[in-house]
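Chemist: pasting a predicted model and its sequence here:
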Amino acid sequence: MPELPEVETVRRGLQPSMEGRIIKAVELGRPDLRFPFPPDFAERIAGTRIRELARRAKFLLGHLDSGECLIMHLGMSGSFRIEGNAGHSAPGSFHYERNDRKAHDHVIFHIDENGTETRVIYNDPRRFGFMDLVPSKQVQDHPFFAKMGIEPLGNALSAELLAKLLAGKATPIKAALLDQRVIAGLGNIYVCEALHLACISPRRRAGSLVRANGCPGSRLSPLVQAIRDVLNEAIASGGSSLRDHRQTDGTLGYFQHQFKAYDREGAACTRKGCDGTIKRIVQSGRSSFYCPSCQR
């Protein structure tokens, strides 16, 4: 499943060809993806202008001048490519070749780009992605978003707010950070990376990072900064290339990124002055990678 940096990289790659542009027409290759398309999906989008292409957690949001919002989720294998008179490209610099078989081209947006047509094509071999249309004013109340936590890259995330969210929690900090009701969009990879950077064990009780009076403990500010740093670094490098994201046709999705802890079981810890070894444990059915020597 693509994580927040992958989705943000895709958003930035699509933005020049979609934001502020008019969607002339929409072609649907099938009546559904993971879910059926909403009624009159193509007709409701055709002729509208995309006022803003935004992101909420792992969702792409196309705010249309019709007052509706196009919600898009990539699922396990979804990707976009951009085709025009000058050839085609992909949003972001992909390290591995992606699926571009036309049999898996399920949605084609015909975009008017200064008098020239550009095609933005959504390809999804497994069809775990989906698209929906809802009134823009109701997006935050939509079931996808109503209980979502704060954005990890937004101004709202602070040590003080995180202390309020974690106070009294007996769950491990790894589980707390993966809870989308606490912080929206954080996935397994970048939680492992952030905890390693902040020298915090994934086993540590979440509430132990908060003082008895409810104020942030000394380790919460470094954790907030670590979350920002690992996400921004991943976005700058184009996201992650997941070993387990290999498609049925053999292609490998998303991007290449150098991890410090994730998927490095048995490797030496990269922290300067640490002679520890990265260990893998299972928490709530998911792998956690950390260094027992420097993460406490």
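Modeler: Looks like it arrived, so ask away.

Chemist: touching, residue 69 and residue 63? I think so.
Modeler: Yes. The criterion here is CB atoms under 8 Å, and residue 69 meets it with residue 63 at 5.3 Å. C-beta: built from backbone N, CA, C; applies to glycine.

Chemist: show me the contacts for the closest residue to residue 169 other than its chain neighbours.
Modeler: Spatial nearest neighbour of residue 169, chain neighbours left out: residue 206 (4.0 Å); criterion: CB to CB, 6 or more residues apart in numbering. Each residue near residue 206 by CB atoms under 8 Å, 6 or more residues apart in numbering is listed here: 166, 169-173, 175-176.

Chemist: who touches both of residue 69 and residue 63?
Modeler: Between them, residue 69 and residue 63 have residue 136 as joint contacts when contacts are counted by CB under 8 Å, 6+ apart.

Chemist: give me the more crowded residue out of the two.
Modeler: Neighbour totals were compared for residue 69 and residue 63, and residue 69 leads with 22 against 19 (other CB atoms under 10 Å).

Chemist: who's that one bridged to?
Modeler: On the basis of DSSP bridges, residue 69 is bridged to residue 63, residue 134.

Chemist: tell me the contacts of it?
Modeler: 61-63, 133-136, 139.

Chemist: any idea which of these has the most stuff around it?
Modeler: Per-residue neighbour counts (other CB under 10 Å) across the contacts of residue 69 peak at residue 62, which has 25 neighbours.

Chemist: so that residue makes contact with residue 53?
Modeler: Yes. With contact defined as CB under 8 Å, residue 62 counts as touching residue 53 (5.5 Å).

Chemist: how about residue 53: what's its closest non-neighbour residue?
Modeler: Going by CB to CB, 6+ apart, residue 53 has residue 19 as its nearest residue, at 4.5 Å.

Chemist: what's the answer for residue 4, then?
Modeler: Leaving aside its sequence neighbours, residue 4 sits nearest to residue 185 (CB to CB, 6+ apart; 3.9 Å).

Chemist: and the pLDDT for that neighbour?
Modeler: What the model reports as pLDDT for residue 185 is 93.

Chemist: again with the one 4 residues further on
Modeler: In the predicted model, residue 189 carries a pLDDT score of 91.

Chemist: which helix or strand contains residue 280?
Modeler: Take DSSP states H and E as the rule and residue 280 turns out to sit in strand 279-283.

Chemist: tell me what the helix or strand that that strand is followed by is packed against?
Modeler: Counting by DSSP H and E, the next helix or strand C-terminal to strand 279-283 is strand 286-290. Using 3 or more CB pairs under 8 Å, 6 or more residues apart in numbering; DSSP states H and E as the contact test, the elements touching strand 286-290 are helix 188-197, strand 279-283.

Chemist: check those for me and report the most buried one.
Modeler: The highest mean neighbour count among the helices and strands packed on strand 286-290 belongs to helix 188-197 (a mean of 24), with neighbours defined as mean count of other CB atoms under 10 Å.
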